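Engineer: Structure, please.
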Amino acid sequence: MTAHIRRGGALISGIRRRHVWKSILRALFLASAVYFYFTDREILNYRAIFERGFNAAFLWVVWLVLVIEMLSRIIPNRQIAIGARKHFACSYRAADPIGTNAAEISAKSENMHKGAFKSALFWFAVSAFIIFVLFILGMLTPGAIILFTLIYAVADLFFIMVFCPLRVLFMRNQCCVTCRIYNWDYFMICAPMVVFPGFYSISLIVLSLIVILRWELSLQKNPHFFTGKTNASLRCDMCKDKLCPKW
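Structural biologist: Got it, this is the predicted structure:
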């Protein structure tokens, strides 16, 4: 059961507190990367990570944190948000559809897929544009890509806890709990590193693809896991995470 504490009269879930700490950690990573970029950007050169010795410690810490977080999306556990683990059978709680027939549920699913496709196109367009601009300006280096990656990492949690433009523009889901693309986040974070391929970038990208594969296979096999219409665990009155802004 998710732990809760009270602060200022409000109920704060253990999941939310972990997200706050994760946000702080990612912000510290980004701040450190900005500092290194303007002082010794070679520290951020992940292509030469095996040659840098102790100077590569920062990159290895970032790599390890990302790997651990991604593994938590593959292995069933209750220490991550319900939105990220709804593809696991252990997170499913059967519920009768609320005033909705099978055709309406199918239409809802189709809209989710369309929203996911539009979100992917938007992410690709933004990423490609930024990389193109960096290239034109002669600033396309591993250090710049690490900064780019960490900006995405910070934005990821901002989208979950504060405001998500993908939800508003394309997905139209009520909150991240029912988000069709919740576990696409690590691929979106890591994919820009493919510009400079090597062990560091490829290992993170491959693992993020495994996360997506596990997610998509579950979606195809168990689509009823992904909507509050059929999974009571995703309904507001059952939410224990309290990650959305209204909390």
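
Engineer: for the residue most central in space within the chain, helix, strand, or coil?
Structural biologist: The residue lying closest to the centre of the chain (Cα atoms, centre = their mean) is Asp185, at 2.9 Å. Secondary structure for Asp185, judged by DSSP: H, G, I helix; E, B strand; the rest coil, is helix.

Engineer: Hmm, Asp40 and Gly143 touching each other?
Structural biologist: No: with contacts counted by Cβ atoms under 8 Å, Gly143 stays clear of Asp40, the gap being 9.4 Å. Every residue, glycine included, has its C-beta placed from N, CA and C.

Engineer: Looking at the two, which one has more neighbours?
Structural biologist: Gly143 (21 against 12; other Cβ atoms under 10 Å).

Engineer: Quick check: mean pLDDT of the helix or strand hosting that one?
Structural biologist: Assessed by DSSP states H and E, Gly143 sits inside helix 142-161. Across helix 142-161, pLDDT averages out at 97.

Engineer: For it, C-alpha coordinates in CSV please.
Structural biologist: Taking Å, rounded to 0.1, in the frame of the first residue of the first chain, the C-alpha atoms of helix 142-161 are listed here in CSV:
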residue,chain,number,x,y,z
PRO,A,142,28.0,15.3,-27.2
GLY,A,143,27.9,17.9,-24.5
ALA,A,144,25.1,19.8,-26.1
ILE,A,145,23.2,16.5,-26.6
ILE,A,146,23.6,15.6,-22.9
LEU,A,147,22.1,19.0,-22.0
PHE,A,148,19.3,18.4,-24.5
THR,A,149,18.6,15.0,-22.9
LEU,A,150,18.6,16.3,-19.3
ILE,A,151,16.3,19.2,-20.3
TYR,A,152,13.9,16.5,-21.6
ALA,A,153,14.3,14.6,-18.4
VAL,A,154,13.3,17.6,-16.3
ALA,A,155,10.5,18.5,-18.6
ASP,A,156,9.2,14.9,-18.3
LEU,A,157,8.4,15.3,-14.6
PHE,A,158,7.1,18.8,-15.1
PHE,A,159,4.6,17.5,-17.6
ILE,A,160,3.5,14.8,-15.1
MET,A,161,3.1,17.0,-12.1
